[in-house]
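[1] need a structure here:
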Amino acid sequence: MVALSISALMFRTTEPTTEQEKIAVLETRIKQLQARTDAALSLIQEVLDEERRQSRLDELQAQLASIPDPLEEVQNQFDKTAFILVYQADRLYRELNQTDSAVENYNRVIELFPENRWAKVARQRLSEIENKKNLIKQI
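    I've put the predicted structure just below:
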């Protein structure tokens, strides 16, 4: 009887039981699911990293857009300077009756800023002064 029990135990251990087969299938399935989970987590991490990079890029682009254009700033300073010179020349001519000094300032604007809109104004003022001088000579 002992021999029969030992042979029964040996027989049971050599052939997998239905439960052992189920366990093996479940273990295989768990490994597959773990591999899929790891792949999904890796993909999620990549997406999050890309989202962070894109967010940082958007922030930097917004900062860059808020920085004034240096060339535009220089042009604005040119305009401002030319305007001030024309304004001073206008005051010299119209309020202080210093025509020669006004002509010098108008010419300075034309010389320093030939393409600027205030150079055009300076040319008009010089033309007005010249026309006025010619009228006075004719009288």
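[2] Tell me the helices and strands packed up against the helix or strand harbouring Val103.
    Using DSSP states H and E, Val103 falls within helix 99-112. Contact here means 3 or more CB pairs under 8 Å, 6 or more residues apart in numbering; DSSP states H and E; on that basis helix 99-112 packs against helix 70-90, helix 117-138. No exception for glycine: its C-beta is placed from N, CA and C like everyone else's.
[3] Among those helices, which comes closest to Ala40?
    Ranking the helices and strands packed on helix 99-112 by proximity to Ala40 (CB to CB) places helix 70-90 first, at 48.3 Å.
[4] Quick one: distance of that closest one to the chain centre.
    Counting by CA atoms, centre = their mean, to the nearest Å, helix 70-90 is centred 28 Å from the centre of its parent chain.
[5] so where's the chain uncertain?
    Applying pLDDT under 70 to the chain flags residues 1-14.
[6] could you redo the last one with a cut-off of 50?
    2, 4 (pLDDT under 50).
[7] what residue lies at the spatial centre of it?
    With distances taken as CA atoms, centre = their mean, Gln61 lies nearest the centre of the chain, 2.3 Å away.
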